[in-house]
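Asker: give me coordinates for this.
(chains A and B)
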Amino acid sequence: MAWLEVLHGGLMTTVQDAGRPGFARMGFAPAGAMDTEMLAAANVLVGNPPGAAALEVTLDGPVFTVHGEAILALAAVDGEWFVSGPEQPLPLWETVLARDGSLIAVGAVRAGARAYLAVAGGVDVPPVMGSRSTHVRARIGGLDGRPLSAGDRVPIGPSPRPCEELLGRRVPPELRPARRAGPIRVMLGPQDDAFTPRGLRTFLHSAFRVTARGDRMGVRLMGPPIEARRGYDIVSDATAPGSIQVSGDGQPIVLLAERPTTGGYPKIATVIGADLDAMGQVRPGQHVRFLSVDEAAARRAREERRRRLAEIEWALARQRPERGGAFVVSTDAAVYYVHREAG
Amino acid sequence: MPGRRAGAAARGEEAAGFPRIRPAGDAAVTVEWGERIDPQTHAQVLRLWHALEEQPVPGMVEAVPTYRSVLVQWDPDRAERETVLAALDGAVSRARRRRLLEGRRVTIPVVYGDWYGPDLREVARHTGFSPGEVVRRHTEREYRVYMLGFMPGFAYLGGLDPALATPRRASPRLSVPAGSVAIGGEQTGIYALGGSPGGWQVIGRTWLELWDSAREPPALLQPGDRVRFEAVSEDQAPPEWVERARASGWEMESG
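Answerer: I've put the predicted structure just below:
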């Protein structure tokens, strides 16, 4: 059985899959990948089901040695990874065969905040409450409920497809999720009436800076204060994925994968499902704007997202495996990356 | 009688526009039954929640009951919004006709004060009672589990003696141990998982596991359950728990 020996955990690398919905009534948010579309695309590339467990890399990635043989792929808006020894860059969005003993370093995520390292067979940690996702705040799932650190052993499951079928697969550039800097689409409510008309205008017409106080729980934004009608306290009620709370200082907080499931601040709006992925990719210092849309627009966005994933699956299914391939070859001391061109 | 008062209160709420269905994004709505913390509003919440547990709306991922509302989440790949909202209307009507189910009764043993409840003295100072009187008043009442939230298994309990109300700590703790029983304002609650930050006044601790991921369901308490606290001495607690509890630290946030 193949596994990864972690030499350096990176800034915050966690095991994530599609999450564990269904426990919010017990105070437990689903966790799961912050960008589930990118996770799904990375998984499909290496032949896994879209919601299989992979490594979610935040801003700066891990370094590990491969034991046994593994087929890997890194999905990112822009980033870098290497075979170390004589450092050689590996391609993004392409399957790579790592032989026993290969040393791999995932470097900086240069655009967006998160990259997904998928491995054929998936990360095979035991599921907790039906999911392998790390819930960092609750310290459950993944590797003992915490980010990777040096000395960890990341087990890899048996690949659902033979190696030859997966080598040479590549997601064409035009199909890679881009995470362009457009406004984040929201639906107003459930407590938009807790704000003055001026407060609503401030929310919809201002740019908010992403502060450094962001994690898998949510993202704190900073901008002109959003005016409430009667203070910023409500009797606590439940939050949804993408709920935007406005706290006592008039600043918005967007709640994400590991959100508190209840809260006592009014929620001015909720990010639509299709834009949660983009919200999971914002970087500190970046500015975001919000656009209010209706249910029909949210549905169209969901359908577009589904179509993009279907196009990736279609493109990969049409690729002939013998076209080319990337190999990481290791000898006793040195490691080489070989790219075999098509034809 | 509670039943009649609940009916009257419900009619009052309806006159004020409740239940109110509001969007919570493109795959969830909240059904608000009121804006207050009170048993009547919560009874409506529980009725709708039970109606939905019994007969979920199409594509339902889950329903989350709180003090005053139910969040209904569905999978938009499995059901259209119109279908869900129509089914939810049906659930609201069914909920109105339901008899309220009695919650389970759960007794929770608590070691009060000392190392287990370092803020007991602060609550005593604030309320003007002796620590013993605080414990007596805290164990005297039956509480209702209003909701679980904030952190896994954290139980918000209703029914605190108003005379015990104590403001939150000025400086929250970085890490509150699992099983801590605390007072925050006019509420009392139990921290189910260790290691979470918290600003409530911790007055005691129980060894019961309120959250266990390997258990089905993982949370010991659920909304609607009735809770009583029973004061026990350290000698009556499991010795290995006492040993672990004594070894755990209390970290403060500076400032």
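Asker: what comes up buried for the strand ranked longest in chain A?
Answerer: Ordering each strand of chain A by length in residues (DSSP state E) puts strand A:103-111 first. By neighbour count with 16 or more other C-beta atoms under 10 Å in any protein chain shown, strand A:103-111 contains the buried residues A:Leu103, A:Ile104, A:Ala105, A:Val106, A:Gly107, A:Ala108, A:Val109. In short, each C-beta sits where N, CA and C put it, glycine included.
Asker: which is the next helix or strand following it?
Answerer: Helices and strands here follow DSSP states H and E; after strand A:103-111, the next one along the chain is strand A:114-119.
Asker: quick revisit: now, which of the buried residues of strand A:103-111 sits nearest B:Pro238?
Answerer: A:Val106 (45.2 Å; C-beta to C-beta).
Asker: what about the helices in the stretch 151-300 of chain A?
Answerer: Here the stretch 151-300 of chain A has its helices, by DSSP state H, counting those that start in this stretch, at A:163-166, A:197-205, A:276-279, A:295-318.
Asker: for the residue of the stretch 51-200 of chain A found nearest chain B, which non-adjacent residue is closest in space?
Answerer: For the stretch 51-200 of chain A, the residue closest to chain B is A:Pro190, as judged by C-beta to the nearest C-beta, at 3.7 Å. Once flanking residues are discounted, A:Pro190 sits nearest to B:Arg22: 3.7 Å by C-beta to C-beta, 6 or more residues apart in numbering or on different chains.
Asker: now the one you found: which helix or strand?
Answerer: B:Arg22 is part of strand B:20-23 when elements are defined by DSSP H and E.
Asker: just B:Gln40 next, same as before
Answerer: Applying DSSP H and E, one finds B:Gln40 within helix B:39-54.
Asker: what does the stretch 1-150 of chain B have sitting close to chain A?
Answerer: Proximity of the stretch 1-150 of chain B to chain A, by C-beta under 8 Å from any C-beta of the partner chain, involves residues B:22-30, B:32, B:35-37, B:49, B:61-71, B:73, B:76-77, B:81, B:147-150.
Asker: ok, now which ones touch the closest residue to A:Pro30 other than its chain neighbours?
Answerer: Computed as C-beta to C-beta, 6+ apart, the closest residue to A:Pro30 that is not its neighbour in sequence is A:Gly19, at 3.7 Å. The neighbours of A:Gly19, taking C-beta atoms under 8 Å, 6 or more residues apart in numbering or on different chains as the test, are A:Pro30, A:Ala31, A:Gly32, A:Ala33, A:Thr36, A:Ser131, A:Ser133, A:Ala257.
Asker: 6 Å - rerun?
Answerer: In this structure, A:Gly19 makes contact with A:Pro30, A:Ala31, A:Gly32, A:Ser131, A:Ser133, judged by C-beta atoms under 6 Å, 6 or more residues apart in numbering or on different chains.
Asker: that one and A:Met129, how far apart?
Answerer: Going from A:Gly19 to A:Met129 by C-beta to C-beta, to the nearest Å gives 11 Å.
Asker: cool, B:Arg246 as well?
Answerer: The gap separating B:Arg246 from A:Met129 is 31 Å, by C-beta to C-beta.
Asker: okay, these two: which has more neighbours?
Answerer: A count of neighbours by other C-beta atoms under 10 Å in any protein chain shown puts A:Met129 above the other of B:Arg246 and A:Met129, at 21 against 10.
Asker: the more buried one contacts A:Arg20, doesn't it?
Answerer: Yes. Using C-beta atoms under 6 Å, A:Met129 is in contact with A:Arg20, at 5.3 Å.
Asker: for chain B, which residue gets nearest to chain A?
Answerer: Residue nearest to chain A within chain B (C-beta to the nearest C-beta): B:Gly149, separated by 3.0 Å.
Asker: so who does that residue touch?
Answerer: Contacts of B:Gly149 by C-beta under 6 Å, 6+ apart are A:Gly27, A:Thr261, A:Thr262.
Asker: closest to A:Gly61 out of these?
Answerer: Nearest to A:Gly61 among those: A:Thr261, at 29.9 Å, using C-beta to C-beta.
Asker: just the buried residues out of the residues of the stretch 1-150 of chain B next to chain A, in PyMOL syntax.
Answerer: Buried residues within the residues of the stretch 1-150 of chain B next to chain A, by 16+ other C-beta under 10 Å, are selected in PyMOL with:
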select buried, chain B and resi 22+23+24+25+26+27+28+29+30+32+35+37+49+61+62+63+64+65+66+67+68+69+70+71+73+76+81+147+148+149+150
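Asker: narrow the residues of the stretch 1-150 of chain B next to chain A to those in strands?
Answerer: Using DSSP E, these in strands are B:22-23, B:28-30, B:32, B:61-65, B:69-71, B:73, B:147-148.
Asker: low-confidence ranges in the chain?
Answerer: Assuming you mean chain A. Applying pLDDT under 70 to chain A picks out residues A:86, A:320-343.
Asker: correction: the question concerned chain B.
Answerer: B:1-15, B:253-255.
Asker: you'd agree A:Phe208 is up against A:Gly223?
Answerer: Yes. With contact defined as C-beta under 6 Å, A:Phe208 and A:Gly223 form a contacting pair (3.9 Å).
Asker: the more surrounded of the two?
Answerer: Higher neighbour count among A:Phe208 and A:Gly223: A:Phe208, with 24 against 17, using other C-beta under 10 Å.
Asker: ok, the more buried one to chain B distance?
Answerer: Relative to chain B, A:Phe208 is positioned 19 Å away (C-beta to the nearest C-beta, to the nearest Å).
Asker: show me the contacts for that residue.
Answerer: The contact partners of A:Phe208, taken as C-beta under 6 Å, 6+ apart, are A:Leu221, A:Gly223, A:Val288.
Asker: now do A:Gly122
Answerer: Counting by C-beta under 6 Å, 6+ apart, A:Gly122 touches A:Asn48, A:Ala52, A:Ala53, A:Gly157.
Asker: cool, A:Ser292 as well?
Answerer: A:Ser292 is in contact with A:Val186, A:Leu188, A:Leu204, counting by C-beta under 6 Å, 6+ apart.
Asker: which one (most neighbours) among those?
Answerer: That'd be A:Val186 among the contacts of A:Ser292, by other C-beta under 10 Å, with 27 neighbours.
Asker: in the sheet, who's paired with it?
Answerer: Taking DSSP bridges as the rule, A:Val186 bridges to A:Val271, A:Ser292.
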